[in-house]
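1. give the three-dimensional model of this entry:
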Amino acid sequence: MQIVEHFTAGSLGSIVALHGQHYAANWGFGTFFEAKVALELAEFSNRKTSKDLLLLAQDEHGIAASLVLDLNDPNSGSRGAHLRWFIASNRCRGTGIGRIFMDRAMQHVDSHSSGRAWLTTFSGLMPARHLYESYNFKLISENEGDAWGVKVIEQEFCR
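-> Numbering: from 1, shown residues only. Next up is the predicted model:
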């Protein structure tokens, strides 16, 4: 598996597809969620700067995992870097790619965002929550909402 730090032809669509397929199969999310990922990822790609961090794991089948640190998200304010679009395909789960990505991302946060970062997720993703908490993210809010197109307990974590 090769890790690259730039978008390649088709990688935006692959990231959207990973999210759409995973969350539809495991959580019942629909096209609302997939369209939201596509829109927000496209917006990010158009304003990405050298301070942002993009990590993509590629293998012979294409994009297998992604993670973005958005240091210029207009919604971040004092929360720091926005950790976004972190996902691993089934074919690379259990390989350690998530921890490799988080190690690199937190080094970047420490260097470029004074150690501050935040993310949104939802209740029930226990392996992800455990990973975030192992990097000193703390749950700061939890409310029922439908930002993903279905009702879930939305969570915000900050570091």
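
2. pretty sure Arg116 sits against Val109.
-> Yes. Counting by Cβ atoms under 8 Å, Val109 is a contact partner of Arg116 at 7.0 Å. Where you see a C-beta, it was placed from the backbone N, CA and C, and this is true even at glycine.

3. between these two, who's got more neighbours?
-> Taking neighbours as other Cβ atoms under 10 Å, Arg116 and Val109 compare with Val109 leading, 22 against 14.

4. nearest residue to that one other than its sequence neighbours?
-> Excluding the flanking residues, the one nearest Val109 by Cβ to Cβ, 6 or more residues apart in numbering is Ala117, at 4.6 Å.

5. now do the residue lying farthest from the centre of the chain against His19, distance only.
-> For the chain, the residue at maximal distance from the C-alpha centroid (Cα atoms, centre = their mean) is Glu60, at 22.2 Å. When Cβ to Cβ, to the nearest Å is applied, the distance between Glu60 and His19 equals 21 Å.

6. ok so, going back, phi, psi for the residue farthest from the centre of the chain please.
-> Dihedral pair for Glu60: phi -60, psi -10, per degrees, to the nearest 10.

7. contacting residues for it?
-> Residues in contact with Glu60 (Cβ atoms under 8 Å, 6 or more residues apart in numbering): none are found.

8. mind pulling up the pLDDT for it?
-> We note a pLDDT of 91 for Glu60 in this prediction.

9. what do you get for Pro127?
-> Value for Pro127, per-residue pLDDT: 88.

10. about what we covered before: okay, and the common contacts of Arg116 and Val109?
-> Contact criterion Cβ under 8 Å, 6+ apart; residues shared by Arg116 and Val109: Gly80, Ala81, Arg159.

11. ranking those residues by neighbours, who comes first?
-> Of all the shared contacts of Arg116 and Val109, the highest neighbour tally under other Cβ under 10 Å goes to Ala81, namely 28 neighbours.

12. my read: it touches Arg116, true?
-> Yes. Taking contacts as Cβ under 8 Å, Ala81 lies within contact range of Arg116: 6.9 Å.

13. so what sits against both of these two?
-> By the contact definition Cβ under 8 Å, 6+ apart, Ala81 and Arg116 are jointly contacted by Val109.

14. so what's Asn136 closest to, chain neighbours aside?
-> Arg159 (5.2 Å).

15. repeat for Ile153
-> Here the residue nearest Ile153, using Cβ to Cβ, 6+ apart, is Ser123, at 3.7 Å.

16. next: Val16.
-> Looking at Val16 with Cβ to Cβ, 6+ apart, the closest residue is Ala38, at 4.7 Å.
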